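K.L.:
Here is my input; please provide its structure:
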Amino acid sequence: MNVGIIIRHCGGEELRQSFKDAAAQGFRHCQLVSWDPQYWTEENAKEVKACMAEYGMEITAFWCGWDGPKFWNFTEGPETLGIVPVAFRAMRVQNLLDGAAYARLLGVKDVVTHMGFIPENMTDPAWPGVVAAVKAVAMNLKRNGQDLLFETGQETPVVLLRLFETVNTGNLYINLDPANLILYGKGNPVDALDVFGGLVRGVHAKDGFYPTNGHDLGEEVKVGEGKVNFPVFLKKLKACGYDGSLTIEREITGEQQIKDILETQRYLNDLIEQL
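P.N.:
From the prediction side, this is the model:
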């Protein structure tokens with residue numbers, strides 16, 4: 001395993017500075033995150049590849065965002081997140097196809113996204129439409145030698161497994177964010193590996209607490225300070241055969257974010273050495 005970092009796609013010198021800073025901090029692996037399709041151009045792909053070469057960075061996955069409203073909570077969230085809401089589905093399917101095409105320009109195989117609050121039951125009227133949308137995206141990526149990764153969060157582990165079995169394209173995998181399972185109250189990340197451990201293709205190193213009310217997500221905190229048992233979690237990941245990146249994600253801004261990321265980097269490297 002290795003420790004990676006998230007680099008958010010921006011333009012010009014700001015993008016180059018992000019790669020430069022990450023390399024100076026000792027990172028060699030990153031997920032490139034973009035919520036803005038205006039950046040998904042051939043010209044920008046050339047710039048990103050030049051940065052990768054100059055600073056010795058590998059992009060392990062392209063995290064593809066989508067257009068439209070998004071509320072990360074239990075009230076508006078189900079109606080606004082991912083491809084589940086019918087009102088935004090066609091637009092966001094196209095976003096994912098466009099993002100995957102951009103990832104191909106970068107030479108990146110894995111495309112990650114949040115799909116939204118996937119229906120819990122196969123008898124839900126929304127289930128067939130979600131399955132069809134996922135299959136359409138997955139088949140497009142498969143034709144181009146790419147894989148579609150679902151970031152955990154809004155669904156239980158068994159719902160993800162059920163959807164993968166139903167779509168059955170052979171190129172669906174999981175970007176396991178252990179904190180998200182906790183923040184959404186959907187499961188324990190260590191136990192979740194019993195359900196889908198063999199399907200984990202990417203991991204976010206993030207921590208947090210369970211929700212304390214029925215409307216808001218739990219609180220995200222620095223790795224090692226929340227409910228994710230990282231020593232046990234990493235051992236079980238290794239037992240499942242995972243040997244990829246632990247991509248640090250700290251959802252605050254400013255100097256404290258940088259400080260927390262670097263402390264997490266040291267903490268995770270120490271844990272990796274003990275595996």
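
K.L.:
quick check, Val3 in a helix?
P.N.:
No: if the criterion is DSSP: H, G, I helix; E, B strand; the rest coil, then Val3 is strand and not within a helix.

K.L.:
Please, which helix or strand holds the closest residue in space to it that isn't next to it in sequence?
P.N.:
Leaving out its chain neighbours, the residue that sits closest to Val3 by CB to CB, 6 or more residues apart in numbering is Leu268, at 4.8 Å. For the C-beta atoms, the positions are set from N, CA and C on the backbone; glycine is no exception. Assigned by DSSP states H and E, Leu268 falls within helix 255-274.

K.L.:
what do you get for Val137?
P.N.:
Using DSSP H and E, Val137 falls in helix 127-143.

K.L.:
thinking again about what came up before, which of the residues in the helix holding Leu268 are buried?
P.N.:
Of the residues in helix 255-274, those with enough neighbours to count as buried (16 or more other CB atoms under 10 Å) are 260-261, 264-265, 267-268, 271.

K.L.:
just these now: which is nearest Gln146?
P.N.:
Leu268 (27.4 Å; CB to CB).

K.L.:
From Val84, how far out is the closest one?
P.N.:
Going from Leu268 to Val84 by CB to CB, to the nearest Å gives 32 Å.

K.L.:
With Ala53 instead?
P.N.:
Taken as CB to CB, the span from Ala53 to Val84 is 38 Å.

K.L.:
Compare the two (neighbour count), which wins?
P.N.:
Legend: neighbour count by other CB atoms under 10 Å for Ala53 and Val84, higher for Val84 (24 against 10).

K.L.:
from the middle of its chain, how far away would stretch 184-202 be?
P.N.:
13 Å (CA atoms, centre = their mean, to the nearest Å).

K.L.:
got the CA positions of it in PDB?
P.N.:
Output of stretch 184-202 as PDB, limited to C-alpha atoms (Å, rounded to 0.1, in the frame of the first residue of the first chain):
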ATOM      1  CA  TYR A 184     -24.100   8.300   6.800                       C
ATOM      2  CA  GLY A 185     -24.700   5.700   9.500                       C
ATOM      3  CA  LYS A 186     -24.600   2.900   6.800                       C
ATOM      4  CA  GLY A 187     -22.100   0.500   8.400                       C
ATOM      5  CA  ASN A 188     -18.800  -0.200  10.000                       C
ATOM      6  CA  PRO A 189     -16.000  -0.100   7.400                       C
ATOM      7  CA  VAL A 190     -14.100  -3.000   8.900                       C
ATOM      8  CA  ASP A 191     -17.200  -5.200   8.800                       C
ATOM      9  CA  ALA A 192     -18.100  -3.900   5.300                       C
ATOM     10  CA  LEU A 193     -15.000  -5.700   4.000                       C
ATOM     11  CA  ASP A 194     -16.700  -9.000   4.800                       C
ATOM     12  CA  VAL A 195     -19.400  -8.000   2.200                       C
ATOM     13  CA  PHE A 196     -17.300  -6.400  -0.600                       C
ATOM     14  CA  GLY A 197     -13.600  -6.700   0.400                       C
ATOM     15  CA  GLY A 198     -12.600  -8.300  -2.900                       C
ATOM     16  CA  LEU A 199     -14.200  -5.400  -4.900                       C
ATOM     17  CA  VAL A 200     -12.200  -2.600  -3.300                       C
ATOM     18  CA  ARG A 201     -10.100  -0.800  -5.900                       C
ATOM     19  CA  GLY A 202      -9.500   2.500  -4.100                       C
END
